[in-house]
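*Asks:* please find the sequence and the predicted model below.
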Amino acid sequence: MVSPYAMPDPSSPLAAERNPDRDLQPFFVLRKPEPGKVVTTEATHGKARRKIDLSQLSPNSRKPSAALPFEEDADANYEQLRMQSFNATWSKIECTIQGCLKQMNLSLFEEVRGWIYESFDKIKSTGLHSVSNTLCPYPLLTDGIYRQIFTALILTKNMEFIDDLLTFQDLGEHLRSSGCHIANLSYSDFTVKHGIAGCFKSLLRQLVMVSLEAYDITALASWYCQKENNGKPVVLIIDSIEQCYGPVLAGFISIIGEWVIKIPIILVFGVATTIDALRKQLPSEALQCLNCCKFTLPSPSERMNAIVGAIFAKPSLGFSVGHEVAVFLRNYFSRHDGTITSFIRALKIACTKHYSLEPLSFLSRIMYDEETEGTWSIMCESLPVSKLEYAFDLPSCRRDSLNRKSGSEIAQGLFDFRRLWKGWTCVLLCLFEIGRISKMQLLDIFCEAIGQTTSDVHSSNGSSLSSVTSQKLCHASSQSAKGRLIGQAIQKVREISPASLSSLLESWAKHTKDIDEIHSKVRQLQSLLRSVDNDGASIFADVEDDGALKVNEKAAMLMKQIVEDMLKPIESIPFHEIFFFKHVGVLRSALTGDPRKMIQLDLLKSPSYLRCICCRTGDKALRPSMHDTSILYHLAQEHGDFVNLHDWYNSFKTILTSRRDSRRKVKGSSTPQKASAGPPTSDLTEASIQARFCRAVTELQIAGLLRMPSKRRPDHVQRVLLGL
């Protein structure tokens, strides 16, 4: 078998068909490096080698003092469990996000629906829309009032329309379920390339279900005259008018204005900037055809608050993020893209990395499988020794000296963490309700709550995990109530009006219904507030000589008390690493990206990715079965900034022919040995080795890792170490 990298025989038909202009020139300079980025020195034989330290450059590298998850899980069963847990968790997160966003938009959708039917009634009140009028020749009337199109302008408050694509699709589904004829038109339909014909083709394809070579709006009129289609408004939704080509959109509106007398067409425009966008986009003739009404979608910050409240305050999802990751996500949202889509993408990457890096992440399903505690106890007790050692070597458990390191201790610790996390999120939800009244960003409150620290508490030998956890939480300081945002939230309770306080207490009662002690105090405050509203006097039964205190002050004192008692540093509780993703460096590398560094790392660690049987993981020996580009890049590490082509080629040739020499030794020995796996090397020739060498060097050059030989040094290539 001929090597895939071998050059074809000149006499073969393949070589005859080759075009010289398309031949890949292996030493053609494809890329000029940026000046001032590479430090060049004299190429001498005694020069120090410049190797890449993988321990410092790996995105998953860790400090010696921090116990990070293993990069590889040899047990396929546990790996499958982690995959199943990820699918279940992210499915719940995704459904929760979609549900909360739809719930936010529902009131607006209902408002738009009501306006559409109100406009439709006004159109029908003219008495012009009938089957006979629709089929008779135009014009019926020349009055411009009857040619105006009712148009809804939905302000999205987003510079990027990507967040609103699903919003307009959901709006269309909502209106369709209400009995409207819906056609969703994209800004790509209003381009110079497609013209007005492209707009109407898309419109007819969605409503009439036909594809016409040339647009014919009379087909739409005939379709609307049918009994099952007549008597319903026709709503055309255009998601982003700023990205539409103005003349095409103006022509489309002009034609619709002529036919609106016969067909009750209502337009819905998505406006990302301001209401003046229409005036900038359309000429006055087109603007005169529109009778506009303005609606406003929730702002990106309001949507972010809804997502944070639905995701990070729900322990039943079994996944959350640590303080550093939360701060990174907040900055990533506010300073970079500023879109909900980018935030959700970052959250999904964090969830993916967590379940791929954390060996015990499959245990996170214990948060929403409450009815199977016995099953989880059995699973924890059946964990192998390596998993047990890893669990008790987590940073949150390392500071506790436990005599028994068994699976039952892990199960008990997980159940304790679930109970504490539920109480923690209960207080967080109460703070979120205050934040909504105070116009605070809930992600800022979450970052402050999750970022609390407490002093290390050393437990005595022989104490159980539950008692150690209780001691740790009892010694936690009350600094959480003194935080900047949390302190402001508590102070805000003292300042809100009685109506806002009544609404706040009602939400507190809903969030604390599973905590009887707090729930009863909230109910007492509600009764106290009602009595104050009734007769202006009140008595608080649990506290003496404080009848003059306002209900607001009592509510603030209650909030401060539950914050100090229950909002403990969550990242100090044992086994929290199973549920919280904390590797901000991994997330930053995945989002920001560093392709040059990743290419170099992948070339140096190719066996760990390919996982072929002939190359053992962790074995630094170069083997002929490795990829040629990886072999050459490994060999280049033995040189300085300049690599001698002759020495480089000889080293490459030695690697490729090493298997043949080893086979000869095996053949001459008396002890039979099994030949190692890999491609046969009996067909290697000097020409094929040179061809493979040239191809691998060219690939390194295309990747920007090499500079080709210059006139000054025709026998040397220069290494490019950028991005390291």
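*Replies:* Sure, I can see it. Residues are numbered from 1 along each chain as shown.
*Asks:* please parse the chain into its domains.
*Replies:* For the chain, automatic domain parsing gives the domain ranges 1-6+48-60+594-667+680-724, 76-99+302-582, 126-298.
*Asks:* which one of those lies closest to Arg113?
*Replies:* Ranking the domains of the chain by proximity to Arg113 (Cβ to Cβ) places domain 126-298 first, at 5.2 Å. Bear in mind the C-beta positions are built from the backbone N, C-alpha and C, glycine included.
*Asks:* ends of the closest one, what's the gap?
*Replies:* 35 Å (Cα to Cα, to the nearest Å).
*Asks:* adding distance to Ser119, mean pLDDT and mean neighbour count, write the domains of the chain out as JSON lines.
*Replies:* Output for the domains of the chain, formatted as JSON lines (distance: least, Cβ to Cβ, whole Å; pLDDT from 0 to 100; neighbours: other Cβ atoms under 10 Å):
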{"stretch": "domain 1-6+48-60+594-667+680-724", "distance to Ser119": "52", "mean pLDDT": "74", "mean neighbour count": "16"}
{"stretch": "domain 76-99+302-582", "distance to Ser119": "27", "mean pLDDT": "80", "mean neighbour count": "18"}
{"stretch": "domain 126-298", "distance to Ser119": "4", "mean pLDDT": "82", "mean neighbour count": "17"}
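*Asks:* let me have the ones you listed in TSV, extended by distance to Phe120.
*Replies:* Below are these laid out as TSV (distance: least, Cβ to Cβ, whole Å):
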stretch	distance to Phe120
domain 1-6+48-60+594-667+680-724	54
domain 76-99+302-582	30
domain 126-298	4
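*Asks:* quick one, which of the ones you listed is nearest to Arg588?
*Replies:* domain 76-99+302-582 (6.4 Å).
*Asks:* and that closest one, end to end?
*Replies:* 25 Å.
*Asks:* can you name every helix or strand that the longest helix seen in the chain contacts?
*Replies:* Across the chain, the longest stretch assigned as helix under DSSP state H is helix 76-125. Counting contacts by 3 or more Cβ pairs under 8 Å, 6 or more residues apart in numbering; DSSP states H and E, helix 76-125 packs against strand 149-155, helix 165-177, strand 265-271, strand 290-296, helix 300-311, helix 340-357.
*Asks:* switch the ones you listed over to CSV; also include distance to Gly487.
*Replies:* Converted to CSV, those look like this (distance: least, Cβ to Cβ, whole Å):
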stretch, distance to Gly487
strand 149-155, 35
helix 165-177, 36
strand 265-271, 39
strand 290-296, 32
helix 300-311, 20
helix 340-357, 27
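*Asks:* Ser520 is nearest to which of those?
*Replies:* Per Cβ to Cβ, nearest to Ser520 of the helices and strands packed on helix 76-125: helix 300-311, 24.6 Å.
*Asks:* what's the following helix or strand after the closest one?
*Replies:* strand 320-321 (DSSP states H and E).
*Asks:* so what strands line up beside that next one?
*Replies:* Using DSSP bridges, the strands paired with strand 320-321 are strand 580-581 (parallel).
*Asks:* what residues are up against Arg330?
*Replies:* Gln441, Leu443, Asp444, Cys447 (Cβ atoms under 8 Å, 6 or more residues apart in numbering).
*Asks:* in helices, which of the residues you listed appear?
*Replies:* Per DSSP H, those map to helices at Leu443, Asp444, Cys447.
*Asks:* quick one: the closest residue to the second one other than its chain neighbours and Glu448, what's the gap?
*Replies:* The reference is to Asp444. Spatial nearest neighbour of Asp444, chain neighbours left out: Leu485 (5.7 Å); criterion: Cβ to Cβ, 6 or more residues apart in numbering. If you measure Leu485 against Glu448 using Cβ to Cβ, to the nearest Å, the figure is 5 Å.
*Asks:* out of the helices and strands packed on helix 76-125, which comes closest to Lys513?
*Replies:* Nearest of the helices and strands packed on helix 76-125 (Cβ to Cβ): helix 300-311, 17.0 Å.
*Asks:* got the angle between that closest one and helix 76-125?
*Replies:* On the basis of axes from the mean of the first three to the mean of the last three Cα atoms, to 10 degrees, helix 300-311 is oriented at 130 degrees to helix 76-125.
*Asks:* which helices and strands does helix 300-311 pack with?
*Replies:* By 3+ Cβ pairs under 8 Å, 6+ apart, helix 300-311 packs against helix 76-125, helix 340-357, helix 407-437, helix 442-450.
*Asks:* could you dump the ones you listed into a markdown table with distance to Asp393 added?
*Replies:* Supplementary listing: these in a markdown table, determined by distance: least, Cβ to Cβ, whole Å:
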| stretch | distance to Asp393 |
| --- | --- |
| helix 76-125 | 17 |
| helix 340-357 | 15 |
| helix 407-437 | 12 |
| helix 442-450 | 23 |
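*Asks:* between those, which one is nearest to Pro714?
*Replies:* The nearest among those, by Cβ to Cβ, is helix 340-357 at 46.0 Å.
*Asks:* can you list contacts of stretch 422-441?
*Replies:* 301, 304-305, 308-309, 312-315, 330, 442, 445-446, 449, 485-486, 488-490, 492-493, 496, 500, 504, 507-508, 511-512, 514-515, 518, 559, 562-563, 566-568, 570.
*Asks:* if you set the cut-off to 6 Å instead, what comes out?
*Replies:* 309, 313, 315, 442, 445, 449, 489, 492, 500, 504, 507-508, 511-512, 562-563, 566-567, 570 (Cβ atoms under 6 Å, 6 or more residues apart in numbering).
*Asks:* equivalent analysis for stretch 572-586, please.
*Replies:* So stretch 572-586 is contacted by 59, 320-322, 324-325, 328, 350, 353-354, 360, 363-364, 394, 396-397, 413-414, 417, 420, 454 (Cβ under 6 Å, 6+ apart).
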